[in-house]
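Trainee: Compute the structure for the input listed below.
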Amino acid sequence: MAIPDSELILNKDGSIYHLNLLPDHISDTIITVGDPDRVPSVSQHFDSIETVIQKREFVTHVGYYRGKRLTVISTGMGTDNIDILLNELDALVNVDFVTREARPLEERINLRIIRVGTSGSLQVDIPVGSHLVTEHAVGLDSLMQFYPLVETGLEVEVSREIQQSLQLDYRPYCVRGSDLLREQLGAGMVAGNTLTCPGFYGPQGRVLRLDLRLPTLVQQFQQFRHQSAEGEFRLTNFEMETAGYYALGRMLGHEVVSLNAIVANRATGEFATNSEAVINDLIAKTLDRV
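Mentor: Model prediction:
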């Protein structure tokens, strides 16, 4: 069945609606960053740049690094933007824009998507300046209320316990990322479980002028533990996108990993004085390993 014009929206030049990209604009390995201004921080290391495209917060540079074709894209913040990003990247490689039909299963392409972003530590033993690779991500956002995500037994157990702990009206979702990419890129990094929050202030327990519904929110995050045959599960850090990446990546069949530069520690109240150096070190490390 052809996908209707109202569902697969193309621009006048045939590019996908939000990203403004054509299928030949992307490589099979994609590095994503939140901040549009951080895209040049990645592409400055490229040997050559062949494509530069910008629409809204989505800035794309495509080029070569040590002979390998790479794409770097900025996403903006939040899982709502990741919903756009993952669906449109998948369409670029797995939908025929002429016939408007999804490619047969045997022809589908699996992308390698690497999020490189900042994050805050929840635990005293994960200091500012650390690099953390996410094993599982837990989403407090509502994105998976609209998709048929299939979770493992452990993932359901963890998310149910977090629901009870936070007295939520809905069950969060929990998803494991790519073992392949985590092993390739995460050597020497802290391995952790990332909490994805639907906001920067209240959902992450920050108070400026508004009080929190749960005044001990951060402490509850920090103290959460789940015991299973696989060992102890704790929440190590939080940010605003990773769970969306992992859930959509699983459903669409792409390899996805989240690499986090820890620039704040909520247990100690610290914020990195050299936050740009922390993220730039992570960018260099990612490029060397990709």
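Trainee: need the helices for this protein, in chain order.
Mentor: All helices of the chain, identified by DSSP state H, fall at 39-43, 79-94, 153-166, 179-185, 217-223, 242-252, 275-289.
Trainee: Check the burial of residue 10 by counting its neighbours.
Mentor: Residue 10 has 14 neighbours, counted by other C-beta atoms under 10 Å. (C-beta placed from N, C-alpha, C; glycine too.)
Trainee: what residues are up against it?
Mentor: Applying C-beta atoms under 8 Å, 6 or more residues apart in numbering to residue 10 gives the contacts 16-17, 97.
Trainee: Out of the helices of the chain, which is the most enclosed?
Mentor: Burial of the helices of the chain is given as mean neighbour count (mean count of other C-beta atoms under 10 Å); helix 242-252 ranks first at a mean of 26.
Trainee: Run the chain-centre distance for that one.
Mentor: On the basis of C-alpha atoms, centre = their mean, to the nearest Å, helix 242-252 sits 8 Å off its chain's mean C-alpha point.
Trainee: per-residue confidence for the closest residue to residue 272 other than its chain neighbours?
Mentor: When the adjacent residues along the chain are set aside, residue 272 lies closest to residue 263, with 4.3 Å between them (C-beta to C-beta, 6 or more residues apart in numbering). Listed pLDDT for residue 263 reads 98.
Trainee: Now for residue 263: which residues touch it?
Mentor: 118-120, 128, 271-272, 275, 278-279.
Trainee: For residue 181, state which of those is nearest.
Mentor: residue 119 (17.1 Å; C-beta to C-beta).
Trainee: Can you give me every residue that contacts residue 167?
Mentor: residue 214.
Trainee: okay, and the helix or strand of this structure with the least pLDDT?
Mentor: Here the helix or strand of the chain ranked lowest by mean pLDDT, DSSP states H and E is strand 225-228, holding a mean of 93.
Trainee: What is the distance between that one and the centre of its chain?
Mentor: Centre to centre, stretch against its chain (C-alpha atoms, centre = their mean), the figure for strand 225-228 is 24 Å.
Trainee: circling back to that earlier point, so which of the contacts of residue 10 is the closest to residue 86?
Mentor: residue 16 (12.0 Å).
Trainee: Wait, the closest one touches residue 91, no?
Mentor: Yes - contact status for residue 16 versus residue 91: in contact at 5.9 Å, counting by C-beta atoms under 8 Å.
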